[in-house]
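Undergrad: from the sequence below, what's the structure:
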Amino acid sequence: MITIGNKAKKYNGFKGKYVVPPKKNDGEYIVVFQFDNIDNLTLWMESNDRLEEIEKLKELVVEEMELNYEEGIDFWFTTPEMKVQGPPKWKMAIITWIAVYPMVIALLYFYGALFPTLVLPLKVLLVTLTLVPLLTWVLMP
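TA: Modelled structure (predicted):
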């Protein structure tokens, strides 16, 4: 798995490789390759480098390999298709808070300066309308 990861690093948009070890000695490893967009992922998935490495791994495979494509932050918190438990809820809460808190403060100041007479509930509305898409597609994709 080390070689396939090193080869993937050479491809545009590569963001990381994560290996999830077997749960309860079932022998099933999960390898996650993360790319910045679907086009770069497709280049990797269709590459000769990947096919060569998959061929080498076939002797270690007992069952047919299964491919899953996931997008967004939900994959990191719930993974029912992969039969892997997500991180503990307290970790999810801390990570989300670390992303949310500074953005709420910054956006409140920004909208406060932009619309000084706007009442707080409308400022909060603007903050949430901005923050949710930022979290979904920029800060925690």
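Undergrad: burial count for the closest residue in space to residue 41 that isn't next to it in sequence?
TA: Counting by C-beta to C-beta, 6 or more residues apart in numbering, the nearest residue to residue 41 once its immediate chain neighbours are dropped is residue 35, at 4.1 Å. For the C-beta atoms, the positions are set from N, CA and C on the backbone; glycine is no exception. Here the neighbour count serves as a burial measure; for residue 35 (other C-beta atoms under 10 Å) it reads 19.
Undergrad: do you know the pLDDT at residue 35?
TA: For residue 35, the model assigns a pLDDT of 87.
Undergrad: tell me if I'm right that it and residue 17 touch.
TA: No. The pair residue 35 / residue 17 is not scored as a contact, 10.4 Å apart, by C-beta atoms under 8 Å.
Undergrad: which elements pack onto the helix or strand harbouring residue 19?
TA: In this structure, residue 19 sits in strand 14-20 according to DSSP states H and E. Counting contacts by 3 or more C-beta pairs under 8 Å, 6 or more residues apart in numbering; DSSP states H and E, strand 14-20 is packed against helix 2-9, strand 30-35.
Undergrad: what residues of it count as buried?
TA: The neighbour-count check on strand 14-20 (16 or more other C-beta atoms under 10 Å) flags 14, 17 as buried.
Undergrad: what angle separates it from helix 2-9?
TA: Comparing the axes of strand 14-20 and helix 2-9 via axes from the mean of the first three to the mean of the last three C-alpha atoms, to 10 degrees yields an angle of 160 degrees.
Undergrad: what strands line up against strand 14-20, and which way round?
TA: strand 30-35 (antiparallel) (DSSP bridges).
Undergrad: next helix or strand past the partner strand?
TA: As the chain continues past strand 30-35, the following element, by DSSP H and E, is helix 38-45.
Undergrad: residues of that following helix that come out buried?
TA: By neighbour count, and taking 16+ other C-beta under 10 Å as the criterion, the buried residues in helix 38-45 are 41, 44.
Undergrad: residues in contact with that helix: which ones?
TA: The contact list for helix 38-45, computed with C-beta atoms under 8 Å, 6 or more residues apart in numbering, reads 8, 11, 12, 13, 14, 33, 35, 50, 69.
Undergrad: show me what the fifth one bridges to in the sheet.
TA: Looking back up the chat, that one is residue 14. The residues that residue 14 bridges to, once DSSP bridges is applied, are residue 35.
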